[in-house]
Each structure stands twice: as structure tokens, then as C-alpha cells.
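[1] model the structure of this input:
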Amino acid sequence: MRHIFITGGVVSSLGKGLTSASLGMLLESRGYSVRMQKFDPYLNIDPGTMSPYQHGEVYVLDDGSETDLDLGHYERFTDAPLTRNSSWTSGKIYRNVLRRERRGRFLGKTVQVIPHITDEIKRAIRSLCDSDVDFVLTEIGGTVGDIESLPFLEAIRQFALDVGRANCLFIHLTLIPYLKSCNQLKTKPTQHSVSRLRQIGIQPDILVCRTETPFSDVERNKIALFCNLKTQDVIEECDAEFSIYEVPVTLHNNGLDKSVLNYFGYNLDEIMEPDLSCWYDILGRLRNPLGKVTIAVVGKYAKHKDAYKSIYESIDHAGIKYCTAIKVRGISSDSFSGGQLDDVDGILVPGGFGDRGVEGKIEAIKIAREKGIPFFGICLGMQCAVIEFARNVCGMSGANSMEFDQETPYPVITLLDEQRNIADKGGTMRLGAQVTILKEASKAFKSYGRNEISERHRHRYEFNNNYRVKFNEAGLMIAGTSPDGGLVEVVELKNHAWFVGVQYHPEFKSKPTKPHPLFDNFIAAAINYKKTK
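    The predicted structure follows:
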């Protein structure tokens, strides 16, 4: 078993997740099996309760785990299966240790960061080890020098001693800032970051350097000398010009995967070269689009791109397939006005919680319905479509979700604890992969090409079954349900070119090499709408 640990220094948000995902993809393309995991140093058990403004989107796995958005990069770039063992926080680690302490498992010993917390971190690393896995890639969140990251860094230092230094590779990602005033790239921050890491007892084996501009051999040699590395193990990672999907190609061209395999003693003459043809095709389509469409994303976090990271990427994936540039217009639903949609070719309303901005979303959906603009509603977006239809087509004045109005005369969206035992009175969430059965006459069925699908969920409130018949008679089709028919999963407007709302989150299963069927058909409808309007 080979272990690769990715750490970061100088500043946060350098792209450890993308770098890790890109390396995983390159190793897979050479025929190896990889597993990936992320350690985050914050004390929350998971990101599920954290503000999207602070932490971006909450990414959900098939098993219902709420995780960091970097796991989305892992799934979009690789085929590595992800589970709850792929996402760990300090809170989760400490909780496990304290539960064990409360049960008396430490036999009266004083519970300490070393060895008990570090042992739990090492146990988490080993949870991904299997006989059919060649590489385990572990990303350490935060920045070297942060007090919160120290237990994780100490744990991976110990882990290398436990399994043998030859079986562990340390990659450190740093920033090489460019100062315009003196027209120079500065290597000193990287030197200091590596020095801090070495003080902890970790000597990085490979240095990946983020930079705005390429650096010269002189600068590379200087970095290698002061950081105790071979020159070929200092890897340049320039800012992507067009798309994040340039990153794996750039890292391959700069020798990252070769340096990794060299470290572990592989004979490169006996290893197949990675087939990156599909990635070059993706980049060609991004750089040379044949058309352009504008998609409005109307949500309360629309100005904060990481809050809807997977949605924006899924839109791009479909654009790549159709060789079409996608201009995404993020529109804040808090201050929505109809004129913001005058020249758009499609409208997407994403998920969310809370009543802020809901009326703006409903108004945007009304415009999409009345003007025939392709519409895609996801989770709360679907629920808002139901509310809009109830108010403006079915004549249910004051219709609403019980999440927003407990006294609404028409609770078209509600907790179904009395109809189905899927949530207690406190409203626990429906999380993870669940099966949906599609009607063959639906656009959803046409998109997927089959009637049984599995998609990931993250919500508390559901379509109220008491209104099914009335909605259907008025023109809103129930296009998909749970296998027993008890939960509404997909709704569609019958007399509309493309108006689809889904209770689940399809954005979590889209890849640049294989766009999700619903995003595929949504963008296709937007392209057609632009041609005909």
C-alpha cells in the first residue's frame, strides 16, 4: 500500500483539492487503483451546519455523508469510490475518541492528543486500505503553521514511521507570489513554509508551486536547494487560463505523476503512459466553442460561486458536450427583478434552506413558465416551482411550504411525518442515494433513458401528496416518485418545452467526461430556445 499525503502552505485556498484530484486521475489513467480522503481541522462534525459563505457547498455522498466540496473534485476527476471514511474533521476524530473514553475503553488512562487523537487519525487513514488499492491519497486541510492542523501533521509523521518511509510520499503545495513592483517571483514564502513543515518532522518529497507566471530554471534550482529537494521534484502549477480541467494536463506535462512513481521505485519504462485524449478534447471544446448561451442561476448565494460549486461545474459539463460556451449569470434572489432575465436562455433555481430570497425564486419561476424559458429546479427549486404553480395556476392564494409559513392555507410542501415515517417532528433530513421511478412519458425518462434511477438527496420537506390530483389536472405532471409511490421526486410542466423540477441533487453525479443527463438535456433545451426565440 502506497500513501500520498498532500499538505498546503503560505496561504489557504491554493487548490490542494484540485491538485489531489488531478493526481488521482493521472494515477488511474496509468492503470492504478486509488482511494481518496480529506482531513479538515475544524471542530464541526461535518460541514452540514456551516454557512455556504464560509465553507462553500455541502457535498453529499451516496451513503448520506455531508462532506467538504473538495470531495466533489475527487468524484469529478476520478473513479475512486467515496464513503464516510473519505471525510474526516477534528470534530469527528475527537467525538470518536471521547465516546471511547466514556465507555471506559482507555482503562483509566489520561486521554491526550498524543497518542490518542493521533492514533484515531491514523486509524482513519487505514480505513481506506484494501488489498485491491494501489494508492491512498490523503489531503490535509488548512495551512502549515495553523494550530488546528498540528495533530494531523503529527499523525502523518508517525504514520510514515509505522508503515515505512518508502511507502509514504509527502507533497507540499505552496505559493510563489509575483511582485509587479520589482517584476520578480518570490520564493521566500515557500522556503519558510517548508521550514515549518520540517520543524514538525516532515520533509516534503515533492513541492508543487502555485504561480501566476512560469518560473525559470534559476528559480526552480533555488527552491530545490533551499527546500532540500531534487530539481525535478519541484513542480510548477500555473493558474489555469480557461478551466480547472487544465490542471491534470498541466501537472502531467510538468512531471508530477512521474515524480510520484519515481519516488516509489516504479520503472517508468514498464508503465503505460496515461491516455489523456479525452481531457485534451475537453480543453479543445472549452477553447473553441461553436456557440454561447446564458443561464441564470437564481439563488440566495448566487454571488458566492463555491456555494453552488457542483451546479456551476455540471452546467459547464453539458456545455463541453455541446461545444458551447456557458455564461452563467448569478442572480441574488433577495433582490430579484424580472428584467434580469430578459436575455437569458435558461433559468436554474438551486437548493437551499430558509425563507430568505424564496419569493424572488418563485417570481423567476413564474417568468420561466409564462415565457417558455427552459427551467430546471433542484430541491428547493422544485418546491418553489410547486408553490408558484399552486398560487398562479391552481388559484391557491397563499400556498406555501410549511418551512416558511406554518399557517399557510395550502401547505403544498410539508414534513410528511404523519403520511410517511420519513422524518420526526424535528424534521430530520433525507440524505444520500435513493431510488426514483420515472414515468415513461416524462422528459426525465427521456433524459436518463431508463425508468429506475438512483440520486442523492439532502432535504427535510416534501411534496404534499394531498395535492397530487389537483396539480395533475392543472397540468403539472408527477414524473417521478419513490419506488412505493409515496414520495414525489420529479415534477414537470406538461405544456412547456423544458420545465423540470427534481427533489434530489443531480449535480453531485456529473463529470466533465460524462455530463449528468438532466443537465445535458437542460442545456440542449437552452441552445434550442436561443435558436428559436
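[2] isn't residue 136 up against residue 130?
    No: under the criterion of CB atoms under 8 Å, residue 136 lies out of contact with residue 130, with a separation of 9.1 Å. For glycine as for every other residue, the C-beta is placed from the backbone atoms N, C-alpha and C.
[3] so what sits against both of the two?
    Counting by CB atoms under 8 Å, 6 or more residues apart in numbering, the common neighbours of residue 136 and residue 130 are residue 35.
[4] of those two, which one has the most company?
    residue 136 (23 against 10; other CB atoms under 10 Å).
[5] which secondary structure state is assigned to that one?
    strand (DSSP: H, G, I helix; E, B strand; the rest coil).
[6] residue ranges of the strands in the stretch 151-300 of the chain, please?
    Counting by DSSP state E, counting those that start in this stretch, one finds strands in the stretch 151-300 of the chain at the ranges 168-175, 178-179, 184-185, 206-211, 234-238, 291-299.
[7] okay if I get these as JSON lines plus mean pLDDT and distance to residue 46?
    Supplementary listing: the strands of the stretch 151-300 of the chain in JSON lines, determined by pLDDT from 0 to 100; distance: least, CB to CB, whole Å:
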{"stretch": "strand 168-175", "mean pLDDT": "97", "distance to residue 46": "24"}
{"stretch": "strand 178-179", "mean pLDDT": "88", "distance to residue 46": "37"}
{"stretch": "strand 184-185", "mean pLDDT": "88", "distance to residue 46": "38"}
{"stretch": "strand 206-211", "mean pLDDT": "96", "distance to residue 46": "27"}
{"stretch": "strand 234-238", "mean pLDDT": "95", "distance to residue 46": "29"}
{"stretch": "strand 291-299", "mean pLDDT": "96", "distance to residue 46": "22"}
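[8] can you redo these as JSON lines with distance to residue 22 and mean neighbour count?
    Converted to JSON lines, the strands of the stretch 151-300 of the chain look like this (distance: least, CB to CB, whole Å; neighbours: other CB atoms under 10 Å):
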{"stretch": "strand 168-175", "distance to residue 22": "11", "mean neighbour count": "25"}
{"stretch": "strand 178-179", "distance to residue 22": "22", "mean neighbour count": "12"}
{"stretch": "strand 184-185", "distance to residue 22": "22", "mean neighbour count": "15"}
{"stretch": "strand 206-211", "distance to residue 22": "10", "mean neighbour count": "23"}
{"stretch": "strand 234-238", "distance to residue 22": "9", "mean neighbour count": "22"}
{"stretch": "strand 291-299", "distance to residue 22": "26", "mean neighbour count": "22"}
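[9] adding distance to residue 520, write those strands out as TSV.
    As requested, those are arranged in TSV below (distance: least, CB to CB, whole Å):
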stretch	distance to residue 520
strand 168-175	33
strand 178-179	39
strand 184-185	42
strand 206-211	33
strand 234-238	31
strand 291-299	13
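[10] out of those, nearest to residue 74?
    When those are compared by CB to CB, strand 168-175 sits nearest residue 74, at 15.4 Å.
[11] helices and strands around the closest one, which ones?
    Based on contacts counted as 3 or more CB pairs under 8 Å, 6 or more residues apart in numbering; DSSP states H and E, the elements that strand 168-175 packs against are strand 2-8, helix 16-29, helix 150-163, helix 188-200, strand 206-211, helix 256-263.
[12] list the buried residues of the fourth one.
    By that I understand helix 188-200. Neighbour counts using 16 or more other CB atoms under 10 Å place 190-194, 196-197, 200 of helix 188-200 among the buried residues.
[13] average pLDDT across that helix?
    The average pLDDT for helix 188-200 rounds to 95.
[14] repeat that for the first one.
    pLDDT averaged over strand 2-8 equals 97, rounded to a whole number.
[15] run me through the strand neighbours of that strand, direction for each.
    strand 135-140 (parallel), strand 168-175 (parallel) (DSSP bridges).
[16] quick one: low-confidence parts of the stretch 351-500 of the chain?
    416-427 (pLDDT under 70).
[17] where do the strands sit along it?
    When secondary structure is read from DSSP E, counting those that start in this stretch, the stretch 351-500 of the chain shows strands at 375-378, 400-401, 411-414, 430-438, 452-459, 462-463, 476-481, 488-493, 499-502.
[18] continuing past the last one, what's the next helix or strand?
    Later in the chain than strand 499-502, the nearest helix or strand by DSSP states H and E is helix 517-532.
[19] list the buried residues in that next one.
    Neighbour-count burial for helix 517-532 flags 517-527, 529-530 (criterion: 16+ other CB under 10 Å).
[20] ok so, going back, now the strands paired with strand 2-8 in CSV, with distance to residue 243?
    Supplementary listing: those in CSV, determined by distance: least, CB to CB, whole Å:
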stretch, distance to residue 243
strand 135-140, 21
strand 168-175, 19
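[21] looking at those strands, which is nearest to residue 335?
    Closest to residue 335 of these is strand 168-175 (CB to CB; 35.4 Å).
[22] spatially central residue for this protein, please.
    In the chain, the C-alpha closest to the average C-alpha coordinate belongs to residue 72, at a distance of 2.8 Å (CA atoms, centre = their mean).
[23] local confidence estimate at residue 335?
    The per-residue pLDDT reported for residue 335 equals 88.
[24] could you do the one 3 residues further on as well?
    The confidence metric pLDDT takes the value 82 at residue 338.
[25] how far away is it from residue 380?
    Between residue 338 and residue 380 the distance is 20 Å, computed by CB to CB, to the nearest Å.
[26] more neighbours: the two, which one.
    Remark: of residue 338 and residue 380, residue 380 carries more neighbours, 26 against 11, as counted by other CB under 10 Å.
[27] now stretch 497-517: how far from the chain's centre is it?
    Remark: stretch 497-517 is offset 14 Å from the chain centroid, using CA atoms, centre = their mean, to the nearest Å.
[28] between the strands of the stretch 151-300 of the chain, which one is nearest to residue 33?
    Between residue 33 and these, the shortest separation by CB to CB is 16.5 Å, and it involves strand 168-175.
[29] tell me what angle the closest one forms with strand 234-238.
    Inter-element angle recorded for strand 168-175 and strand 234-238: 40 degrees (by axes from the mean of the first three to the mean of the last three CA atoms, to 10 degrees).
[30] can I get strand 168-175 as CSV, trimmed to CA atoms?
    Below are the C-alpha coordinates for strand 168-175, written out as CSV (Å, rounded to 0.1, in the frame of the first residue of the first chain):
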residue,chain,number,x,y,z
CYS,A,168,4.8,7.3,2.2
LEU,A,169,5.1,10.3,0.0
PHE,A,170,4.7,13.9,1.2
ILE,A,171,3.6,16.5,-1.4
HIS,A,172,3.5,20.1,-0.2
LEU,A,173,1.6,22.8,-2.2
THR,A,174,2.8,26.4,-1.8
LEU,A,175,2.5,29.8,-3.4
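[31] what does it rub up against?
    Residues external to strand 168-175 that are found in contact with it (CB under 8 Å, 6+ apart): 2-11, 14-16, 19, 23, 144, 156, 159-160, 189-190, 193-194, 197, 202-211, 237, 260, 263-264.
[32] next one: stretch 428-440
    Everything outside stretch 428-440 that qualifies as a contact, by CB under 8 Å, 6+ apart, is 60-66, 422-423, 444-445, 448, 450-460, 462, 477-483, 485, 489-490, 504.
[33] list only buried entries from these.
    When these are checked for burial by 16+ other CB under 10 Å, the buried set is 60-62, 64-66, 422-423, 444-445, 448, 453, 455-459, 462, 477-482, 489-490, 504.
[34] among the buried residues of helix 188-200, which one lies nearest to residue 365?
    Using CB to CB, residue 193 is the member of those that sits closest to residue 365, with 48.2 Å.
[35] quick one: the closest residue to that closest one other than its chain neighbours from residue 431, how far?
    Counting by CB to CB, 6 or more residues apart in numbering, residue 193 lies nearest to residue 9, which is 3.0 Å off, once chain neighbours are set aside. To residue 431, residue 9 is 34 Å away according to CB to CB.
[36] got it, and residue 73?
    Note on residue 73: its distance to residue 431, by CB to CB, is 21 Å.
[37] more neighbours: which of the two?
    Taking residue 73 and residue 431 together and counting by other CB under 10 Å, residue 73 has the greater number of neighbours (29 against 17).
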